[in-house]
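[1] no letters, just coordinates:
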């Protein structure tokens, strides 16, 4: 797969996640965040299970000794990011959740350097800042008075960025994106389930009230979108992946305007342009520079 196609998969994942914010917000009127996450991650695990099994069956070499612990660690990061975001969305807007989650586009290059010693293409740094500026503009150009939910979503952005960094490390080393997805979903299901049993009282009736949100969140937002993320990140870098995935803020604002009546401010349209400019920059600048380097010197 080419890097361009991989980045398109990441863009599609961002669109699916953007709609997922609407589902997450509406579900909180009927069910608690721990139970919601437990059920949607369980559905995601069931959805990806046959594909992970087929991937394992066709693999020519067994998984390395460190792969399973690594996949489990990524599952812990996924759980922490998801539960902080899900609790936070109760007391903040869908649009705020989208653009505050997008902070990971700035965190990811720094964690990549600090934890992995990676050296991203120079365009990633200004593109990350441009994408974050676009995210802020989509939210109206100001954070205003931050509420408790906003701080929880900012905390989730830290764990999302770490998840992106470690997915790149383990999926490129193992070549098992679907198995990675399955393991991380199972870990998140287990940890969320423990929280649901100890902190919440959930009935089948309450879950039935949000079955549409659960199916979308589990099968599409988690099962499909995270699998697209792990597949796409086999062929691109973590900083580039973060920038393309940050398009979820744009889609979150768009779907929030369509389905729950939140409005994109005038500055938001400028923010949309910034996000797309950042994505184009990380895609085109390395290609253009590579083509110029390949040209023969003038006589």
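    Received, thanks. All figures in this text were calculated on a predicted structure; none of them were measured in a lab.

[2] residue 202 contacts residue 27, correct?
    No: counting by CB atoms under 8 Å, residue 202 stays clear of residue 27, with 11.9 Å between them. (Each C-beta comes from the backbone N, C-alpha and C, glycine too.)

[3] more crowded one of those two?
    Comparing residue 202 with residue 27 by other CB atoms under 10 Å, the one with more neighbours is residue 27, at 27 against 17.

[4] and the more buried one, how far from residue 135?
    For residue 27, the distance to residue 135 equals 24 Å [CB to CB, to the nearest Å].

[5] do the same with residue 17
    Distance from residue 17 to residue 135, by CB to CB: 13 Å.

[6] of those two, who's got more company?
    The neighbour count for residue 17 versus residue 135, taken as other CB under 10 Å, is higher for residue 135 (28 against 24).

[7] quick one, what contacts the more buried one?
    By CB atoms under 8 Å, 6 or more residues apart in numbering, the contact list for residue 135 reads 98-99, 102-103, 105, 246, 249, 271, 275.

[8] do the same with residue 210
    26-27, 30-31, 36.

[9] most neighbours among those, which one?
    That'd be residue 36 among the contacts of residue 210, by other CB under 10 Å, with 29 neighbours.

[10] now that one: which helix or strand?
    If you go by DSSP states H and E, residue 36 is part of helix 33-58.

[11] chain center to that helix, what's the gap?
    Centre-to-centre, helix 33-58 and its host chain are 16 Å apart (CA atoms, centre = their mean, to the nearest Å).

[12] summarise which helices and strands that helix is packed against.
    helix 67-88, helix 177-199, helix 204-208, helix 211-215, helix 225-232 (3 or more CB pairs under 8 Å, 6 or more residues apart in numbering; DSSP states H and E).

[13] between it and helix 177-199, how big is the angle?
    Relative orientation of helix 33-58 versus helix 177-199 (axes from the mean of the first three to the mean of the last three CA atoms, to 10 degrees): 150 degrees.

[14] on that earlier part again, including pLDDT, could the contacts of residue 210 go into JSON lines?
    Compiled in JSON lines, the contacts of residue 210 are given as follows (pLDDT from 0 to 100):
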{"residue": "26", "pLDDT": "83"}
{"residue": "27", "pLDDT": "84"}
{"residue": "30", "pLDDT": "86"}
{"residue": "31", "pLDDT": "89"}
{"residue": "36", "pLDDT": "90"}
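
[15] between the helices and strands packed on helix 33-58, which gets nearest to residue 263?
    helix 67-88 (21.1 Å; CB to CB).

[16] Three-state assignment for residue 261, please.
    Three-state assignment for residue 261 (DSSP: H, G, I helix; E, B strand; the rest coil): coil.

[17] any idea how far it is from residue 46?
    According to CB to CB, residue 261 stands 34 Å off from residue 46.

[18] who's more crowded, the two?
    More crowded of residue 261 and residue 46, by other CB under 10 Å: residue 46, with 15 against 7.

[19] mind pulling the model confidence for that one?
    If you check residue 46, the pLDDT there is 92.

[20] do you know how far it is from residue 186?
    10 Å.

[21] try residue 248
    Counting by CB to CB, the gap from residue 248 to residue 186 is 24 Å.

[22] between these two, who's got more neighbours?
    Taking other CB under 10 Å, residue 248 and residue 186 do not tie; residue 248 has more neighbours (30 against 19).

[23] can you tell me which residues contact the more buried one?
    Residues near residue 248 by CB under 8 Å, 6+ apart: 13-15, 17-18, 21, 98, 101-102.

[24] that one sits in which helix or strand?
    Residue 248 belongs to helix 247-259, assigned by DSSP H and E.

[25] where strands are concerned, which of the contacts of residue 248 count?
    With strands taken from DSSP state E, there is no overlap with the contacts of residue 248.

[26] which one of those residues is nearest to residue 168?
    residue 13 (14.1 Å).

[27] how many neighbours does the closest one have?
    Using other CB under 10 Å, residue 13 has 26 other residues around it.

[28] do residue 197 as well
    So residue 197, with other CB under 10 Å, has 13 neighbours.

[29] roughly how far apart are it and residue 38?
    Applying CB to CB, the value for residue 197 to residue 38 is 9 Å.

[30] same thing with residue 181?
    According to CB to CB, residue 181 stands 17 Å off from residue 38.

[31] higher neighbour count, these two?
    The residue with more neighbours, out of residue 181 and residue 38, is residue 181; 33 against 25, by other CB under 10 Å.

[32] which ones are touching the more buried one?
    Per CB under 8 Å, 6+ apart, neighbours of residue 181: 44, 48, 52, 223, 226-227, 230.
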